[in-house]
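Enquirer: only the shape, not the letters, is given here:
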């Protein structure tokens, strides 16, 4: 695989992300107190700062599929949102070559519209032309399985009739219809049956061959092993280990 690894696509340089969680205030004069804090720029009582990402640095390259693993709350999804540009880091820098796409964000899913309309809108939102959408529509519908789900064509039904798993399958199918400079997938492979998971893993391998970079967040170590040759293990917002998949996963499973 090493001969396919190319130029850097994502460089994270000492990235930090801190959330501010505001507690509710009550009592007489709370409005006056709030105004006073605004004027003096003092922190409100009950405000908690959560340091979700702590000094993360790495380089991702074309042709790599990188797994992000760690316990719940370790900062995996937050880091993806930083790379996608949805959350500006509070410290450090992220440099990207090309447009990062976070699965589920670039696909414009609207509950009142049918699966068919969402496929069209999602593809257009990713920059595909109307002709490209027409060329890929049948492939997307068939890949998702929504054209014949339990004997029913769900592409003709509104998204509000879909389960969360069905919606995730459709989002992945839309996102995977196009080559991406950087594609980030958060737990999508945990949805659906084994057949869909195998098809999804095969499609990720194809995307890598098309010179893209794939990040996969998953708690399923089998999907990580089957899909990625490199893994970054996050713990409490910090990189605990970054290296070949089998080495990192084995250490993670031993330590969890």
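Expert: Thanks, I have the structure now. None of these values were measured; they are calculated from a predicted model.
Enquirer: and residue 155, which of the three is it?
Expert: When classified by DSSP: H, G, I helix; E, B strand; the rest coil, residue 155 comes out as helix.
Enquirer: pretty sure it contacts residue 146?
Expert: Yes: checked against CB atoms under 8 Å, the pair residue 155 and residue 146 is within contact range at 5.1 Å. Placement of C-beta: from N, CA and C, glycine included.
Enquirer: mutual contacts of the two, please.
Expert: Contact criterion CB atoms under 8 Å, 6 or more residues apart in numbering; residues bridging residue 155 and residue 146 by contacting each: residue 115.
Enquirer: okay, these two: which has more neighbours?
Expert: Under the neighbour definition other CB atoms under 10 Å, residue 155 and residue 146 were set side by side, and residue 146 has more, 26 against 21.
Enquirer: per-residue confidence for that one?
Expert: In this model, residue 146 is scored at 95, pLDDT.
Enquirer: any idea how far residue 119 is from it?
Expert: 9 Å (CB to CB, to the nearest Å).
Enquirer: break down the stretch 101-250 of the chain into its strands, ranges please.
Expert: 182-186, 213-217, 230-235, 238-244 (DSSP state E, counting those that start in this stretch).
Enquirer: reformat those strands as a markdown table; add distance to residue 7.
Expert: What follows is the strands of the stretch 101-250 of the chain, written out as a markdown table (distance: least, CB to CB, whole Å):
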| stretch | distance to residue 7 |
| --- | --- |
| strand 182-186 | 12 |
| strand 213-217 | 10 |
| strand 230-235 | 16 |
| strand 238-244 | 19 |
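Enquirer: quick one on the thing from earlier: who touches both of residue 146 and residue 119?
Expert: Taking CB under 8 Å, 6+ apart as the contact rule, the neighbours common to residue 146 and residue 119 are 155, 170, 173.
Enquirer: and which of those residues is nearest residue 142?
Expert: Within those, the smallest distance to residue 142 is 8.7 Å, found for residue 173 (CB to CB).
Enquirer: who are the contact partners of the closest one?
Expert: If you count contacts by CB under 8 Å, 6+ apart, then residue 173 has 119, 140, 141, 143, 144, 146 around it.
Enquirer: repeat that for 6 Å
Expert: Under the criterion of CB atoms under 6 Å, 6 or more residues apart in numbering, the neighbours of residue 173 are 140, 143, 144.
Enquirer: pLDDT wise, what is residue 104 at?
Expert: For residue 104, the model assigns a pLDDT of 53.
Enquirer: check residue 178 too.
Expert: For residue 178, the pLDDT comes out at 87.
Enquirer: now the spatially closest residue to it that is not a sequence neighbour: how far from residue 159?
Expert: Excluding its sequence neighbours, the residue lying closest to residue 178 (CB to CB, 6 or more residues apart in numbering) is residue 126, at 5.2 Å. Taking CB to CB as the measure, residue 126 falls 18 Å from residue 159.
Enquirer: who's in contact with residue 225?
Expert: Contacts were defined as CB under 6 Å, 6+ apart; by that measure residue 225 touches residue 245.
Enquirer: just residue 204 next, same as before
Expert: Per CB under 6 Å, 6+ apart, neighbours of residue 204: 214, 227.
Enquirer: that concludes my questions; thank you for your assistance.
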